[in-house]
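S.K.: Sequence and predicted structure below; questions after.
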Amino acid sequence: MRRDLVIIGGGPAGLAAAVGAYEAGLRDILILERENKLGGILNQCIHNGFGLHKFKEELTGPEYAFRYIEKIKEYNIEYKLSTMVFDVNEHLHVYAMNEEDGLMNIKAKSIVLAMGCRERPRGALNIPGNRPSGIYSAGSAQFYVNMEGFMPGKEVVVLGSGDIGLIMARRMTLEGAHVKMVCEILPYSGGLKRNIVQCLDDYNIPLKLSHTVTAIHGTSRLEGVTISKVDEKMNPIPGTEEEISCDTLLLSVGLIPENELSKRAKVEMNPATSGAFVDESFETNIEGIFSCGNVLHVHDLVDYVSEEAETAGHNAAMYVFGKLKHSRKVLLKVGNGIRYTVPVMIDFSNIEKFQTVRFRVSAVYRDCSIKVHMDDTLIFSQKKKIMTPGEMEQVLILKKWYIDHPEVQVITISIEKRTKDE
Amino acid sequence: MKDVIIIGAGVIGTNIARELSYYDISIMVIDKNTDVCEETSKANSGIVHSGYDAQPGSLKAKYNVIGNQMMKSICEDLDVPFIQNGSLIIGFTKKDEEELEVLKAQGVLNGVKGLKILNKDEVLKKEPKLNPEVYSGLYAPTGGVVDPFQLTIASAEVAEMNSAIFQMETIVQSVEKIGDFFVVHTDKGDFTSKILVNAAGCYSDHINNFLSENKQEIRPRKGEYCLFDKQIGTLVTSTIFQLPTSMGKGVLVTPTAEGNLLVGPSSFYVDDKEDKETTLSGIKYVLETAKLSVPSIPLNFIITGFAGLRASEIGKDFIIGEQSDVPNFYNASGIESPGLTAAPAIAKDLADMIQEKNQFLKRKNAVRKRKNIIRFEPATLHQKKRLIAHDKEYGKIVCRCEMVTLSEIKQAIHRPVGAKTVDGIKRRTRAGSGRCQGGFCAPKVLEILSEELKLTPFEIAKSSKKSTFLLGLDKELKGGSFE
């Protein structure tokens, strides 16, 4: 089997990439999705708040996905469901399987990696104690409640204040459970401000910052947890232990991009994002392989996933048409206060007017500025009232800056802070 | 009335059941858990020890060395993953090397073959990731790793195929001998037999002490482990030990038979025979000690931690054989390390003892071999193609981390001694044992179990009956109406 473009994953990123590629003129596109419907994780995100940027209206997750699925059908883009890709290599061979077609070996001219991410499990946290049932990742609990109509528990503690944890604190409450608290080991929440207000404050669910779960109780079903306050090095402070009885612990302790396939294709990984290193076209170090969505870096809003993925799909089409340029790349350097940037390099010959660079800060910053240097020359500064690691930030790198500094080697993005809130 | 009742369905009890099932007798295995392999057999190092460590002349030494020699063929017969990867005990000083020499001499006395002292360069050439401070090492080429779940489950399957009955979820309350017969009192009623075998792990002292004046005392000794992602499963190729102490063989770093990296165990006595909690201090000790052997162990690759209890008898040795004051009562008691290695040897020996006294007839057409579920993940492309062509449910992945298909999960449910729990599926197929630890597949596995076993989703449990996942329907809990 041969295809111009194979898109691995039919979630928001994969769908938008397909639309982007189609609208760029490509027709021979195949989306491979492991679940039995398109839409990915959006299908279980039945709360609203999606699409404010993209569609200028508030949609639920399934509604947001539906907008793209409609386009896929309108454009007649081919997709296969319940199809697992189990290998990809650097020669752009994709090995996939399902019940109907059996094993497929697809030679692609280009590939978009859009596999999304998974939740960090309990084991990765090393919480001591027993291993009873009743401990779920927030996403698994969301699946039970929203997709299957089952309640995984009634007395609930949430560990981690990532967005899914906050959303699930509200959802469990609405469905009749008693959510006792959300514990967050950091001194600030990892989720969006609006979710803290709408999911916790509105329901009087306490958010305990600088607290973590230090023991699990119960041999069969969870019976309770011990929580402790932590010091600034995140070590539990003896004497602060508190026993909380509960039958359910939901974990929202981080998302890990699912890059096992990318690694098999010898795609280079950025340790800061656990996603690929990509350039302005969302192309990885392997020519013709692009990456977008949460497999590239974990996003706060799906709107940005769609935007980036459409660009990735567009560029995959350009690559197939032989129109994607590969000339000198200017490196983007992570400066003070920045955890990572996407992309990590820019080939300005593919840029028309500007390149959006998304990044996350490494701590909470108040009253500070985002600075952009081209080599040693300060070229841009923007004041910000507050920036938190939970929200993605962005700056636009203008082509005209490059035209004015054609010899530039490195563009540095940094935060110049006045006060730092630990 | 059964000919034989075996109490305990761990690796010892199931292997004894398997050996005895080759005779034309009726066998019942009683266990309190829903599935076999739920106690010490599921939470240990999975190491096939070479046998240098045990005190010469002890039963531990004897059964360790015989068990090690038997392991390859038994794993071939039962289709159980076993890799003879060799063990390497490392020392950091000249004085340590003297102790390695003592271990070597002890090993030779125990009949361990191929032991060899390696100098620093040889050690580091063999295992480049070891601490460069290493001084020398003792290499034991007969050391290996085995899948302890499969060794237990496979034996149970063979026994059941030969008509043994697995009486699960049955708690033994007491045991007595009335005349020539044993009466086992349980929460599910009384069961009687002519011969009683005690393979009750941490509770084997209780069983023995109901019947015999030769009292035993098991003091459970906890061991904690950390399991790492397969991505770093080849950090070391041999099983790396540090010099043993009075509390055991020390913290090891080893690849598992399934390709993960395993680090552990800690070692301390606990009072409660049900205390299988991991502790902050224990895990910290294990990781810090392991880093002494392999400094570069990446802690962000830990996927789970667990603890098990060694059934440590105060006499410090295995207790194997017929109890002198209770004819037809057989102990396989005090089984701690190297119990997994010794299991096939203990089982064979105990079955021989029973057979010698009773002269049972051989079972006609006894099943002696078993094939595991054909796994999709390790198959070649060509084999994968054929598997799906033959059974299209091999084309449906349920566990994406370990690439376990719907077909494998259904087979695990419908085989002899089939899986009834989510953990049972995990130990038979590896679904849920990968890096996401069941985050994605547990709800699917639950649904498949519910459909195949014709149970409601509320009845499907993780392991024990009470460890269910779902407590009601959406909105049902509202207003306190749900109880």
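M.R.: Great, that's in hand. Numbers count the residues shown, from 1 in each chain, chains lettered A, B, ... in the order given.
S.K.: in the stretch 201-350 of chain A, which spans are helices?
M.R.: Secondary structure of the stretch 201-350 of chain A (DSSP state H, counting those that start in this stretch): helices at A:260-264, A:302-320.
S.K.: Give me the helices and strands touching the last one, please.
M.R.: Spelled out, it's helix A:302-320. When contacts are defined as 3 or more Cβ pairs under 8 Å, 6 or more residues apart in numbering or on different chains; DSSP states H and E, helix A:302-320 packs onto strand A:2-8, helix A:12-23, helix A:61-74, strand A:102-113, strand A:289-291, strand A:354-361. The C-beta positions use only the backbone N, C-alpha and C, and glycine is treated the same way.
S.K.: B:T40: which of the ones you listed is closest?
M.R.: strand A:102-113 (40.8 Å; Cβ to Cβ).
S.K.: contacts for the helix or strand hosting B:V253?
M.R.: Element membership for B:V253, per DSSP states H and E: strand B:252-255. Where contact means Cβ atoms under 8 Å, 6 or more residues apart in numbering or on different chains, the residues beyond strand B:252-255 that reach it are B:45-47, B:83, B:85, B:145, B:233-242, B:261-265, B:290, B:293-294, B:297.
S.K.: neighbouring strands for the next helix-or-strand element following it, and are they parallel or not?
M.R.: Counting by DSSP H and E, the next helix or strand C-terminal to strand B:252-255 is strand B:261-264. Sheet pairing of strand B:261-264 (DSSP bridges) gives strand B:218-228 (antiparallel), strand B:252-255 (antiparallel).
S.K.: touching chain B at all, the helix or strand hosting A:G165?
M.R.: Here A:G165, judged by DSSP H and E, is contained in helix A:163-174. No: judged by Cβ under 8 Å from any Cβ of the partner chain, helix A:163-174 makes no contact with chain B; its nearest approach is 8.5 Å.
S.K.: and that helix, how far out from the chain's middle?
M.R.: On the basis of Cα atoms, centre = their mean, to the nearest Å, helix A:163-174 sits 18 Å off its chain's mean C-alpha point.
S.K.: what about that helix, average pLDDT?
M.R.: Over the span of helix A:163-174, the pLDDT mean works out to 96.
S.K.: Buried residues, that helix. List them.
M.R.: A:D163, A:I164, A:G165, A:L166, A:I167, A:M168, A:A169, A:R170, A:R171, A:M172, A:T173 (16 or more other Cβ atoms under 10 Å in any protein chain shown).
S.K.: if I pick the nearest residue to the second one once chain neighbours are set aside, what's in contact with it?
M.R.: Once its chain neighbours are removed from consideration, A:I164 has its nearest residue in A:A138; the separation is 4.2 Å (Cβ to Cβ, 6 or more residues apart in numbering or on different chains). The neighbourhood of A:A138, defined by Cβ under 8 Å, 6+ apart, consists of A:E119, A:V158, A:G160, A:G162, A:I164, A:G165, A:I167, A:M168, A:L250, A:L251, A:S252.
S.K.: Which member of the buried residues of helix A:163-174 is positioned nearest A:G40?
M.R.: Using Cβ to Cβ, these come closest to A:G40 at A:I164, 13.6 Å.
S.K.: A:V295 versus that closest one, what's the distance?
M.R.: 17 Å (Cβ to Cβ, to the nearest Å).
S.K.: again, but for B:D325
M.R.: Counting by Cβ to Cβ - B:D325 and A:V295 are separated by 67 Å.
S.K.: Give me the more crowded residue out of those two.
M.R.: A:V295 (28 against 10; other Cβ atoms under 10 Å in any protein chain shown).
S.K.: Per-residue pLDDT of that one, please?
M.R.: Among the per-residue scores, A:V295 holds a pLDDT of 98.
S.K.: Could you pull up the residues touching it?
M.R.: Contacts of A:V295 by Cβ under 8 Å, 6+ apart are A:9, A:13, A:113-117, A:257-259, A:262, A:275-276.
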